[in-house]
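[1] 3D, please:
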Amino acid sequence: MKVVVLGAGAMGTAFTTPAADAGHTVCLVGTHLDGDIIEELHESRVHPRLKTRIHDAVQPFPIAGLHEAMQNADLVVLGVNSHGVAWAADVLADVLSPDVPVVMLTKGLHGDGHALHILPAFFRERLPPRLRDVTVMAVGGPCIAGELAVRRHSCVMLGGNNPSQLRALAAALRTPYYHVWTTTDLVGLEVCVALKNLYALAVGLALGWLERDGLADNGAHMHNPAAAIFAQGLYEMAYLVQWMGGDVRSVHALPGAGDLYVTCQGGRNSRMGRLLGLGIPYSQARAEHMPNESVEGAMLAEAIGDTVRALVRTGTLDARCLPLMLAILDVVCNSAPANIPWDAFFAA
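    Numbers count the residues shown, from 1 in each chain. The predicted structure is shown next:
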């Protein structure tokens, strides 16, 4: 196949490694924000964030080269962040063919004030009418970009609506280290891989608490509160997956428990959680410590916060099932203190 990856950030670029190793022609197109990355890839072939060389078969393009890169494309992969989905739909509107499927690496949910939507649905609705029937699939699971880029074993799920198409594409993308399973539970997959960022941020609070309070006299850490937040995150994830019409089994597999576990091991969500656990308000933590970084857990809170609260007010969502989410929404959207409602956990 000819695979075009739109977005030269860490995950979009990391995905080019198994795609190229699987024998496909790969074009990596940077967004309007990726100019420095594409320039560096042309000069040294080393990605500045991944700190590793890209595959020799990968061709980097600036956004101005999108039309050239898209010639005879067989597959388009979106590696933009969640705020870039609408932009991606707009720039692809004139160059995407209706018979070329799209696979989303992007994680997130869209709130319109009245309902929550998975990003594949939001992306498709943003496309012009001639492309409304384009196939949109998604990849989710515990896959850190830096590990994938250096060919660590990574296990993911490919989700969509057409089983035979999913099986064919999964077979085309598998390598000895990139293990791909398929699922028709696109809703469950997408809800899980979006929410894991928000709940990983919550787990990261324990890092700040430990740094603030220090080790106990006996050397005790903060694993107990972190584990309880992790478990409540899965509990709330299961509620929202079922509420949105997904299969709760996704919560207990790679998209839910697997992806939440790996996201809690470090990265931007954990770093933001640490800052919040130290008692720094979100607005200050963002402005002073992480001004130019995409913290997907916080971005999700901002994207769905108003909608979730509106749905709770009308009784459409049960607040008793979402005490941790509502607390984190308050922390991010209102810069409130990071007070965890422990006694409300597992109540409904």
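
[2] Now do D36 against P48, distance only.
    Applying C-beta to C-beta, to the nearest Å, the value for D36 to P48 is 7 Å. The C-beta positions use only the backbone N, C-alpha and C, and glycine is treated the same way.

[3] need the strands for the stretch 101-250 of the chain, in chain order.
    102-104, 109-111, 116-118, 136-140, 154-159, 178-183 (DSSP state E, counting those that start in this stretch).

[4] Contact partners for P101?
    75-76, 134-137, 165, 169 (C-beta atoms under 8 Å, 6 or more residues apart in numbering).

[5] make it 10 Å
    Counting by C-beta atoms under 10 Å, 6 or more residues apart in numbering, P101 touches 74-77, 134-137, 160, 162, 165, 169.

[6] Next: W243.
    So W243 contacts 116, 191, 311, 316-318, 321-322 (C-beta under 10 Å, 6+ apart).

[7] returning to that earlier point: ok, of the contacts of P101, which one's closest to E40?
    The shortest gap between E40 and any of these belongs to V77, at 20.6 Å (C-beta to C-beta).

[8] The closest one: neighbouring residues, count only.
    25 (other C-beta atoms under 10 Å).

[9] ok, and it, which helix or strand is that part of?
    Here V77 sits within strand 75-78, counting by DSSP states H and E.

[10] Just the CA atoms of that strand, as PDB, please.
    Output in PDB follows, covering the C-alpha atoms of strand 75-78 (Å, rounded to 0.1, in the frame of the first residue of the first chain):
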ATOM      1  CA  LEU A  75      -4.600   4.500   3.300                       C
ATOM      2  CA  VAL A  76      -4.600   7.800   5.300                       C
ATOM      3  CA  VAL A  77      -3.600   7.800   9.000                       C
ATOM      4  CA  LEU A  78      -4.300  10.700  11.200                       C
END
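
[11] quick one: average pLDDT of that strand?
    Average pLDDT, strand 75-78: 98.

[12] neighbouring strands for that strand, and are they parallel or not?
    The pairing partners recorded for strand 75-78 under DSSP bridges are strand 2-6 (parallel), strand 102-104 (parallel).

[13] gap between the first one and the chain center?
    Right, strand 2-6. Strand 2-6 sits 19 Å away from the centroid of its parent chain (C-alpha atoms, centre = their mean, to the nearest Å).
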